[in-house]
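Enquirer: Here is my input; please provide its structure:
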Amino acid sequence: MARAGHGRSDCNRDFLMLTVKTAQKRQVLDITDQVEAELKGSGLANILVKHTTAAITLADLDPGTDADILDALEAMTPQKNWRHPHDPGHFPDHLWSAIIGPAITLPYEDGKLTLGTWQRLILIELDGPRERQLTLTTG
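Expert: The predicted structure follows:
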C-alpha cells in the first residue's frame, strides 16, 4: 500500500489517502499491517474504500478462508438477468460491495488496531485488478 497523500482535516483528525494495488479479478487482501503503519497514538480509525466494487471488513484469514469468502459470495448470488446498465454480469460485484460495506471504524491503541486474536482487516477486491483508493481518518 502506498501513501497517496495526507493532510489535516477539521476537528483535529488526521486524513490520509492510501493506495492498494490488487492483482486478480476477485481477491482478499490483508491490509492490517499497512493501515497500522499509519497509526500514531490511540483513538478511532475510519477506513473507507472509495469504490463500488470493493469492500472492507474483518476476517479470520486461516489458509483457504480467503477463497471460502469469495466462493460463499458467488454461491449466495442467484444467476439472473441483472439490469445493471453498462454490464449486467458485473452487478454482483456492486451487490457484494454494498452488503459487506465500503467502510469500517476500529479502535486503536499505541498505533495498533485493537482486534480480536484472529481478526485481520481485509480489503475484498471484487472487480480487479485495479488500484484502489482508501481514505484513513484517525482521531
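Enquirer: so what's the nearest residue to Gln119 once chain neighbours are set aside up against?
Expert: Excluding its sequence neighbours, the residue lying closest to Gln119 (CB to CB, 6 or more residues apart in numbering) is Leu58, at 4.6 Å. Where you see a C-beta, it was placed from the backbone N, CA and C, and this is true even at glycine. Taking CB atoms under 8 Å, 6 or more residues apart in numbering, we find Leu58 in contact with Ile104, Leu106, Leu115, Gln119, Arg120, Leu121, Ile122.
Enquirer: Give me the pLDDT for the second one.
Expert: The pLDDT attached to Leu106 in the predicted structure is 98.
Enquirer: Buried ones in the one helix or strand it maps to, by neighbour count?
Expert: If you go by DSSP states H and E, Leu106 is part of strand 103-109. Neighbour-count burial for strand 103-109, counted by 16 or more other CB atoms under 10 Å, picks out Ile104, Leu106, Tyr108.
Enquirer: what's the offset of stretch 22-39 from the middle of its chain?
Expert: Distance, stretch centre to chain centre, for stretch 22-39: 7 Å (CA atoms, centre = their mean, to the nearest Å).
Enquirer: Apologies, that question was intended for stretch 110-122.
Expert: 14 Å.
Enquirer: just to revisit the earlier point, buried subset of the contacts of Leu58?
Expert: So, by 16+ other CB under 10 Å, the buried ones in the contacts of Leu58 are Ile104, Leu106, Gln119, Arg120, Leu121, Ile122.
Enquirer: What's the mean pLDDT across the helix ranked longest in the chain?
Expert: Counting by DSSP state H, the longest helix found in the chain is helix 65-76. The average pLDDT within helix 65-76 is 95.
Enquirer: And for stretch 44-54?
Expert: Averaging pLDDT along stretch 44-54 yields 97.
Enquirer: Give me the distance between the two termini of stretch 117-133.
Expert: 27 Å (CA to CA, to the nearest Å).
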